[in-house]
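S.K.: Sequence first, predicted coordinates after that:
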Amino acid sequence: MGRLETSDKESVHLVENEIQARIDNIFSNLERLEILSSKEPPNKRQNAKLRVDQLKYDVQHLQTALRNFQHRRYVREQQERQREELLARTFTTNDSDTTIPIDETLQFNESLQNAHRGMDDLIGSGTNILQGLRDQRVTLKGTHKKILDVANMLGLSNTVMRLIEKRAFQDKYFMIGGMILTCVIMFLVVQYLT
C-alpha cells in the first residue's frame with residue numbers, strides 16, 4: 001500500500017493489480033485455513049477460528065483501503081481531465097438572441113414549492129389524525145374493558161353482550177370505510193393540485 005501511494009501515474013495500475021492479486025491469494029488461503037481450522041481438536045478449534053476471522057477482517061480492511069485509493073485516484077483523474085478540458089476550451093461572446101427565461105422558471109419553482117408545502121401540510125394533518133385515532137383506540141379499549149368488567153359484575157345476559165360486540169364490529173367497518181373515503185378524497189385533492 002505504501003508503494004501504491006508513492007507510485008507514479010503510469011505504474012499505479014500495475015501496483016493496484018499486484019495488490020489485488022495478493023489480496024485474492026490471501027482470501028483463497030484464508031478459505032483453506034478456515035477448512036483446516038474446523039479440523040483442529042475441539043479445544044484449539046475456537047482459537048483457530050478466531051484467528052482466521054481476525055485475518056479475514058484485516059484483509060477486508062485492506063480491500064476497502066484499496067477501493068478507497070482507487071476511488072480517490074479516479075476522482076482526481078476526472079478532476080484533472082475536466083480542468084484540462086476547461087483550459088483547452090475557447091470561449092466566445094454570446095449571440096444577441098441568447099436569452100434566459102428566468103420569469104417562467106421562477107414561477108414554476110414557486111408553484112412547485114407551494115405544492116410541496118401543501119403536501120407537507122396534508123401529511124402533517126394526516127399524521128395528527130392518525131395519532132388521534134390511535135389515542136381514541138386506546139381510550140375505547142380501556143372503556144370496553146371497563147364496560148365488560150361492569151357487565152360481568154351486574155350479570156348482563158349474553159345476548160346483550162353479543163349485541164354490543166356486534167355493534168362494535170359494525171362500527172369498525174364504518175371507521176375503515178371512512179378512512180378509505182378520506183384517503184380517496186386526499187388523493188383526488190393531490191391529483192387536482194398537481
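M.R.: The structure has been received and is ready for your questions. Numbers count the residues shown, from 1 in each chain.

S.K.: Just the helices from this structure, written as ranges.
M.R.: Assigned by DSSP state H, the helices in the chain fall at 2-6, 12-38, 42-88, 102-154, 158-193.

S.K.: can you list the weak-confidence ranges in this protein?
M.R.: 1, 91-101, 151, 153-158 (pLDDT under 70).

S.K.: just to revisit the earlier point, including mean neighbour count, could the helices of the chain go into TSV?
M.R.: Bear in mind the C-beta positions are built from the backbone N, C-alpha and C, glycine included. Listed next are the helices of the chain as TSV, based on neighbours: other CB atoms under 10 Å:
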stretch	mean neighbour count
helix 2-6	10
helix 12-38	13
helix 42-88	12
helix 102-154	11
helix 158-193	11
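
S.K.: I'd like the distance between Ser125 and Ile35.
M.R.: The gap separating Ser125 from Ile35 is 61 Å, by CB to CB, to the nearest Å.

S.K.: what does Cys183 give?
M.R.: Plainly put, Cys183 is 57 Å away from Ile35 if you go by CB to CB.

S.K.: same check, this time on Lys141
M.R.: To Ile35, Lys141 is 57 Å away according to CB to CB.

S.K.: again, but for Asn114
M.R.: Distance, Asn114 to Ile35, by CB to CB: 64 Å.

S.K.: for Leu14, same thing?
M.R.: From Leu14 to Ile35 the distance is 32 Å (CB to CB).

S.K.: before we move on, what about Thr105?
M.R.: As judged by CB to CB, Thr105 and Ile35 stand 64 Å apart.

S.K.: same thing with Glu80?
M.R.: Using CB to CB, Glu80 is found at 46 Å from Ile35.

S.K.: Check Gln70 too.
M.R.: Distance from Gln70 to Ile35, by CB to CB: 31 Å.

S.K.: same question, Ala88
M.R.: Going from Ala88 to Ile35 by CB to CB gives 57 Å.

S.K.: repeat for Leu112
M.R.: Leu112 is 59 Å from Ile35, where distance means CB to CB.

S.K.: ditto for Leu133
M.R.: Leu133 is 58 Å from Ile35, where distance means CB to CB.

S.K.: And Asp53, by the same measure?
M.R.: According to CB to CB, Asp53 stands 14 Å off from Ile35.

S.K.: ok, now Leu163?
M.R.: Taking CB to CB, one finds Leu163 at 70 Å from Ile35.
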